[in-house]
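1. need a structure here:
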Amino acid sequence: MSKLNAISGKMTQYRWAICAMLFFATTVNYLDRQVLSLTFDEFIKPEFHWDENHYGNITGLFSLVYAISMLFAGRFVDWMGTKKGFLWAIGVWSVGACLHAFCGVFTEAFVGIGSKADLVKATGNVTVVIATISMYAFIVARTVLAIGEAGNFPAAIKTTAEYFPKKDRAFATSIFNAGASVGALVAPLSIPPLAKAFGWEAAFIVIGVLGFIWMGFWVFMYKKPEDHPKVNKAELDYILSDREVNVEKKTVEAKEDKKLSFFECFKFKQTWSFAFGKFMTDGVWWFFLFWTPSYLNTQFGIKTSDGLGMALIFTLYAVTMLSIYGGKLPTIIINKTGQNPYAARMKTMLIFAFIPLVVLLAQPLGTISPWLPIILIGLGGAAHQSWSANIFSTVGDMFPKSAIATITGIGGMAGGFGSLILQKTAGKLFVYAGETNMTFLGFEGKPAGYFMIFCFCAVAYLIGWSVMKTLVPKYSPVNLK
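-> Coordinates of the predicted model:
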């Protein structure tokens, strides 16, 4: 077919095959990330005698390592090249995903217990050793997973820049980024049944192996468009259509894009504004992602392997897909009011900052039906994804292109620290609430602890927006000259 297209002059469409590969990579990325949260409460927690504090340590450190790794992932992909960089990223995270399955074997060998059944039956001080050793084993596996997963988006964005002209990149990016939502939707329908039928270890291995399968396709499918036999001249000319413009603007861009060192970035209020917004809000998304399955079991006795549990988690992420419209609102505001992009974006973010307030009703309405808190948490998640798309764009509003990756990395680190604090606080709070039968606004025990965390999640965006607006009240691009 490519030869016929080359002869007739008809443009090939191979760039969309590459876009499909990016979509599947992102889907696998999100599936691997979800296995632990969907197996923790029902399968892993009883075997290793964990409480919420152990789980909070694991999820908090994953968030931190992922955020720190984001600082270096882009430079690594640039250094290795797109093909090898992507292979390394997905290879490392797939190894990390599969390593989780061997944490039980390692714990048995370390403690000197011969089987999974003996782990479950252990009592006394032995359970403390089992819980501690298994937690550290999972932290190691989770660290490998986080380091690899941090490379997905830098590699995917770099690939998009190679295969699409500027005018099509946003559309291509939206397509592959949809893999995150699809992965979150597929996860509750596949992972709990796998764990129930074959053991939780099988869920990690089966989902982890998907990454290795993807690598096999990538090896044969990817080459730079200039060198790819399935990209004819017409498609290559289209892909490279804006390169000449870039050459003409090279001198101007060189003047505008002065390089910033890591520490120089902290001189600007714009950096602190972005970083604080990420610090306050990233942890909320990770809390919803990591703790909702455990919340359903704690609050309602619903297991993720039950049909109802799978339906509830599926519904939650289906609701979050409403966020695909969140990026369009600033454009509408700009077209109608003529405001600058930063002003329109901040107005949009204020709107999305109010939506998570519905999470305040999750616990009270949960006494009626578990569907109500799931829908409200889903709305909070959709608001977060819309907020996230816009807060990332504020970096481009304020900083030249040469500084965007560095500032984004700083914000990612801030978000990781915020997530670390929230996950560890949640774990300790739930243990304390359960042991003391703590009360809060009419709820007792762990449900009271969840209500307290929900209250923070509900107001985090308004706090973040207020500080951002105080630091940078109006459009004020950074001048590096």
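2. distance of the residue nearest to residue 346 when sequence neighbours are not counted from residue 195?
-> The shortest distance from residue 346 to any non-neighbouring residue, by CB to CB, 6 or more residues apart in numbering, is to residue 469 (6.5 Å). The way it works is simple: take the backbone N, C-alpha and C, and place the C-beta from them, glycine included. Look at residue 469 and residue 195: by CB to CB, to the nearest Å, they are 45 Å apart.
3. repeat for residue 320
-> From residue 320 to residue 195 the distance is 23 Å (CB to CB).
4. picking up where we left off before, which one of residue 469 and residue 195 has more residues nearby?
-> Set residue 469 next to residue 195 and count neighbours by other CB atoms under 10 Å: residue 195 wins out with 23 against 15.
5. residue 462 - how many residues pack around it?
-> Counted with other CB under 10 Å, residues neighbouring residue 462 total 15.
6. and if you look at residue 233?
-> Neighbourhood size, residue 233 [other CB under 10 Å]: 12.
7. who's in contact with residue 399?
-> Applying CB atoms under 8 Å, 6 or more residues apart in numbering to residue 399 gives the contacts 270, 407, 477-478.
8. closest one of those to residue 377?
-> residue 407 (30.1 Å; CB to CB).
9. of all the helix elements in this protein, which one is longest?
-> Assignment by DSSP state H gives helix 401-436 as the longest helix of the chain.
10. name the element residue 303 belongs to?
-> Using DSSP states H and E, residue 303 sits in no helix or strand.
11. still on that earlier bit, how far does the helix or strand just after the longest helix of the chain sit from its chain's centre?
-> With elements assigned by DSSP H and E, the helix or strand that comes after helix 401-436 is strand 439-440. Strand 439-440 has its C-alpha centroid displaced from the chain centroid by 32 Å (CA atoms, centre = their mean, to the nearest Å).
12. what strands flank strand 439-440, and is each parallel or antiparallel?
-> Using DSSP bridges, strand 439-440 pairs in its sheet with strand 443-444 (antiparallel).
13. now do the partner strand, average pLDDT.
-> For strand 443-444, mean pLDDT rounds to 91.
14. what sits up against that strand?
-> For strand 443-444, the external contacting residues (CB under 8 Å, 6+ apart) are 363, 437-438, 450-451.
15. export the residues you listed to a markdown table and tack on pLDDT?
-> As requested, those are exported to a markdown table (pLDDT from 0 to 100):
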| residue | pLDDT |
| --- | --- |
| 363 | 93 |
| 437 | 93 |
| 438 | 93 |
| 450 | 94 |
| 451 | 95 |
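16. now the strands for the stretch 1-150 of the chain?
-> Counting by DSSP state E, counting those that start in this stretch, the stretch 1-150 of the chain has no strands to list.
17. can you pull out the low-pLDDT segments for it?
-> Low-confidence segments of the stretch 1-150 of the chain (pLDDT under 70): 1-9.
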